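**Q** sequence? don't have it. structure:
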């Protein structure tokens, strides 16, 4: 009897030891982000995916709803580039523009698919950690630098809009003359006030999901902008002519008013056609925000996050297309690179357009905090990876970033050319190159050999990114040589 009890005790001890060892192995596996061979067997398509096992993540348990995640990602996609899409259509024609817009939208969705699959393989939802897993610490640093530089450029472009548009809006609403020199018409002072009173408090939110409400309001402002563009198409005549309304005088200001200028072109090519491709491509850059939003998504799975991305991209595709079509069909060949400027030249005192300009200002202001979150996360991944959340660090990084961006916008008036070059390199890297090479390096060859169709597609996708980068840089250099300025649109 004693022998039996002893045997049972040994067996129980061995069983407990086995369970303990198994739990320790699982814990180490999750902490290191490593999945044993065969742990996850996935067969997934481009936009639809069925997983045989649920991937375990160790970074964060998300609480943000599907709708709020869509708002945040849509707000990240929506950039100042929407103001240049009508100009792009005027230089490509309607059919070619629609083809380009649809192609870039699908390629962006595919790029997000690659990111999510890499994230699922290693159990990590941080862009910088994917870089480390693919290429070591150097890959982590390079990824963090690209994200930081690109998003700082995006933040700067938004603050430039505030700097130059907000004083004009205030001046027009109050009815002041152009010669008025008041402190509240100084763009440098206004961006500091907006940064302190609006952007900083939103940037201090602990989680990106909390910005879903402001993102929704920002998108509603852009919907108002779209409605105004559609409305203006019905009342602005073509060809434009000198006419007097009940309130204001409408001027042509040297616009081409021939009948040929009021004919929509299906296909066209000119010296500016080449710029349409980077303008459209940059309009869908949202990849630094994808994984942070994925981290905070409730009941996060790759399929659920892919659906968030698909809905966001589809919504922005529709908004972009309608804005470009109605803006182009209003002014045709007379549309300028920044569409609001075209409306201003037609009728500088138009109340609807003033409200639209204010709505655009609100939209870009509320987008800045969303763009800031990935930069802060990248900096934290570099300086203090794996450390617990600290409010002082969270606040300090946000304040420092806003100080740097404000100083850039205030003291470097020609920074747009610098960020034109940076955007021409960082945007293709984030959309095409990094997701592809991460996929090639991270997904095991046992699951997908190098000559498999998914790996070949990823390699071609990366090659496309390098072609985009070379092409965009060539456009900028040629434009600098010929005109002395860059017209390549950014985000």
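**A** Happy to help now that I have it. Since we're looking at a predicted model, the values are computed, not measured. Numbers count the residues shown, from 1 in each chain.
**Q** do you know how far residue 88 is from residue 369?
**A** Distance of residue 88 to residue 369, computed by Cβ to Cβ, to the nearest Å: 28 Å. (Each C-beta comes from the backbone N, C-alpha and C, glycine too.)
**Q** in this protein, where is pLDDT below threshold?
**A** Scanning the chain for pLDDT under 70 picks out 1-62, 176-180, 239-261, 271, 348, 414-419, 483-491.
**Q** wouldn't residue 330 be in contact with residue 233 here?
**A** Yes: if you go by Cβ atoms under 8 Å, residue 330 and residue 233 touch, sitting 4.6 Å apart.
**Q** residue contacts, residue 186?
**A** residue 167 (Cβ atoms under 8 Å, 6 or more residues apart in numbering).
**Q** could you measure from it over to residue 196?
**A** 15 Å.
**Q** returning to that earlier point: higher neighbour count, residue 88 and residue 369?
**A** Neighbour comparison, residue 88 and residue 369: the larger count goes to residue 88, with 28 against 25 (by other Cβ atoms under 10 Å).
**Q** verify the stated contact: the more buried one with residue 98.
**A** No: between residue 88 and residue 98 there is no contact under Cβ under 8 Å: 11.2 Å.
**Q** all helices for the stretch 51-200 of the chain, in order.
**A** Ranges of helices within the stretch 51-200 of the chain are 66-77, 85-90, 94-122, 127-174, 187-194, 200-203, based on DSSP state H, counting those that start in this stretch.
**Q** okay if I get these as TSV plus distance to residue 296?
**A** Output for these, formatted as TSV (distance: least, Cβ to Cβ, whole Å):
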stretch	distance to residue 296
helix 66-77	7
helix 85-90	30
helix 94-122	14
helix 127-174	14
helix 187-194	26
helix 200-203	15
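**Q** among those, which is nearest residue 350?
**A** helix 127-174 (9.7 Å; Cβ to Cβ).
**Q** counting contacts, what elements does the closest one pack onto?
**A** Judged by 3 or more Cβ pairs under 8 Å, 6 or more residues apart in numbering; DSSP states H and E, helix 127-174 is in contact with helix 94-122, helix 187-194, helix 287-295, helix 351-383, helix 391-411, helix 415-428, helix 434-442.
**Q** could I get the buried residue list for stretch 322-336?
**A** By 16 or more other Cβ atoms under 10 Å, the buried positions in stretch 322-336 come out as 323-336.
**Q** now, the most widely separated pair of those residues?
**A** 323 and 333 (17.7 Å).
**Q** returning to what we had before: now, the buried residues of stretch 322-336 that are in helices?
**A** The members of these that map onto helices under DSSP state H are 323, 324, 325, 326, 327, 328, 329, 330, 331.
**Q** residues contacting residue 355?
**A** Counting by Cβ under 8 Å, 6+ apart, residue 355 has contacts 224, 228.
**Q** ok, now how distant is it from residue 366?
**A** 17 Å.
**Q** one step back: okay, the helices of the stretch 51-200 of the chain, which one's buried deepest?
**A** helix 85-90 (a mean of 27; mean count of other Cβ atoms under 10 Å).
**Q** list the contacts of that helix.
**A** 97, 101, 265, 268, 275-276, 279-280, 283, 320, 323-325, 327-328, 330-333, 335-339, 489.
**Q** can you pull up the most central residue in this structure?
**A** Of all residues in the chain, the one closest to the mean position by Cα atoms, centre = their mean is residue 286, 2.6 Å from it.
**Q** I figured that one hits residue 72, correct?
**A** No: using Cβ under 8 Å, residue 286 is not in contact with residue 72; the gap is 9.6 Å.
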